[in-house]
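> Sequence first, predicted model second:
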Amino acid sequence: MRVLVTGGAGYIGSHTLLELMAQGHEVCVLDNYSNAVPEVLTRVRALSNGAIMDFAGDVRDPAMLDQVMQAFQPEAVIHFAGLKAVGESTEKPLYYYDVNVGGTLALLHAMERAGCKRLIFSSSATVYGEPVYLPYDEAHPTNPTSVYGQSKLMAERILTDWAAAFPDRTAVLLRYFNPVGAHASAQIGEDPKDIPNNLMPFIAQVAVGKRDFLQIFGDDYDTPDGTGQRDYIHVVDLARAHVAAVTYAEGATGARPFNIGTGQSYSVRDMVAAFERACGKPIPTKQAPRRAGDIAAMQADASRAAAELNWAASHDLDDMTASTWAWQSKNPDGYKGA
């Protein structure tokens, strides 16, 4: 199938390109490189020995979208392009709604003009908000606590209404938990442009000497060790979920959400200990107050994805930390060191 991947040079997008190509799909990337670099696609081409059509442009630009659609004629779209920092979303709400909601609308309009009827959407478990019960299943109430989460839920609702209005449209809504890890080659991985917003890349930068210590935000949560617990998923498992979703979309219509996680949660201190095993050195930490918007625990019920997408995570915590350390130690400055 011909698959357009918006934001395909990003962390999750680049790993998904490799998995798509390994399954024989043709791929095209649209990326504005606001949070990525062209070197990523150079490495993906080398790892896959395959062809990638690519365009530098913004998903909110109708003329660019029409150019891409005309040149590639996609049969499905995987929509990664968006902003993802919870804290920044509170400071820049209009920017987040413009990119995450406006970008989705612009993409759907372009798909309609081109006759493309299948979209796999990069959503987030943040749409659930404070847990009413755990693990979250897809029927859990949605009540995001951040602008970022609200923007993802708004996009989900737009896609759901789009799919309901046209009986031959398909929207697969993948609600990610916490992606971590890197490709086994250590050639591609997570490369935050500024201070990392997520735990794993921050730990990795401490381990490689780029940062002095890790701040642990909150030690008084209602969890076994007082620190926040999250369901972490290896990025390669997450990438394979997108390939499974493309296959699913070939034979399904309507909108359907799926949790993409492992069903296992780890605390901040668990993650630090696992990374220390991977890198063979201590990770200095300092205790800090809780951050606004953080919740005590998240955990996925991913049984729907297992039953309907025929997908399940296969990498464990040590795979996640070892692959992250291999990537970070081989690329201490990320892609900038290329």
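Sure, I can see it.

> contacts, neighbours, all on C-alpha from now
Noted.

> mind checking the backbone torsions on residue 288?
phi -140, psi 160 (degrees, to the nearest 10).

> Any idea what the nearest residue to residue 298 once chain neighbours are set aside is bridged to?
Counting by CA to CA, 6 or more residues apart in numbering, residue 298 lies nearest to residue 230, which is 5.0 Å off, once chain neighbours are set aside. Beta-bridge partners recorded for residue 230 (DSSP bridges): residue 266.

> So what's the gap between the worst-scoring helix or strand of the chain on mean pLDDT and the chain middle?
Lowest by mean pLDDT, DSSP states H and E among the helices and strands of the chain is helix 86-91, with a mean of 90. Here helix 86-91 is found 17 Å from its chain centre; the criterion is CA atoms, centre = their mean, to the nearest Å.

> what's downstream of the helix or strand where residue 40 lies, the next helix or strand?
Assessed by DSSP states H and E, residue 40 sits inside helix 39-48. The element immediately downstream of helix 39-48 (helix or strand, assigned by DSSP H and E) is strand 52-56.

> mind listing the helices for the stretch 201-338 of the chain?
235-251, 268-279, 303-304, 317-330 (DSSP state H, counting those that start in this stretch).

> Please apply the same query to the stretch 51-200 of the chain.
Under DSSP H, counting those that start in this stretch, the stretch 51-200 of the chain gives helices at 62-72, 86-91, 93-96, 103-114, 147-165, 199-207.

> Could you check those and tell me which one is nearest residue 267?
Counting by CA to CA, residue 267 lies closest to helix 199-207 out of those; the figure is 10.6 Å.

> for that closest one, packing partners?
Helix 199-207 is packed against strand 214-217, helix 268-279, helix 317-330, with contacts defined by 3 or more CA pairs under 8 Å, 6 or more residues apart in numbering; DSSP states H and E.

> Tabulate these (CSV), appending mean pLDDT and mean neighbour count.
Listed next are the helices and strands packed on helix 199-207 as CSV, based on pLDDT from 0 to 100; neighbours: other CA atoms under 10 Å:
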stretch, mean pLDDT, mean neighbour count
strand 214-217, 96, 18
helix 268-279, 98, 18
helix 317-330, 98, 22
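
> closest to residue 120 out of these?
helix 317-330 (24.4 Å).

> got the contact list for that closest one?
180-184, 186-189, 200-201, 204-205, 208, 232-234, 274-275, 278-279, 334 (CA atoms under 8 Å, 6 or more residues apart in numbering).

> So how do I select the buried members of those in ChimeraX?
Buried subset of those, written as a ChimeraX selection, criterion 16 or more other CA atoms under 10 Å:
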select :180,181,182,183,186,187,188,189,200,201,204,205,208,232,233,234,274,275,278,279,334
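
> what stretches of the stretch 201-338 of the chain score poorly on pLDDT?
Applying pLDDT under 70 to the stretch 201-338 of the chain picks out residues 337-338.

> do that again at 50, thanks
Within the stretch 201-338 of the chain, not a single segment meets pLDDT under 50.

> unless I'm mixing things up, residue 149 is touching residue 122, no?
No. If you go by CA atoms under 8 Å, residue 149 and residue 122 don't touch, sitting 11.9 Å apart.

> The two: which is more packed in?
The neighbour count for residue 149 versus residue 122, taken as other CA atoms under 10 Å, is higher for residue 149 (24 against 21).

> Tell me, how many residues neighbour residue 46?
12.

> ugh, wrong one, residue 34
With other CA under 10 Å as criterion, residue 34 counts 14.

> and the gap between it and residue 58?
According to CA to CA, to the nearest Å, residue 34 stands 9 Å off from residue 58.

> Now do residue 305 against residue 242, distance only.
11 Å.

> quick one: which of those two has more around it?
residue 242 (26 against 20).

> For the more buried one, give me its contacts.
Neighbouring residues of residue 242 by CA under 8 Å, 6+ apart: 16, 78, 120.

> any idea which of those residues is closest to residue 270?
For the contacts of residue 242, the nearest to residue 270 is residue 16 (27.4 Å; CA to CA).

> How is the closest one classified with respect to secondary structure?
Secondary structure, DSSP: H, G, I helix; E, B strand; the rest coil: residue 16 is helix.

> How many residues are close by it?
When counting by other CA under 10 Å, one arrives at 25 neighbours for residue 16.

> Give me the pLDDT value at it.
Predicted confidence (pLDDT) for residue 16: 98.

> Same check on residue 23?
pLDDT for residue 23: 97.

> got the contact list for residue 287?
215, 216, 217, 218, 219.

> Closest one of the residues you listed to residue 174?
Among the contacts of residue 287, residue 217 lies closest to residue 174 (CA to CA), at 27.6 Å.
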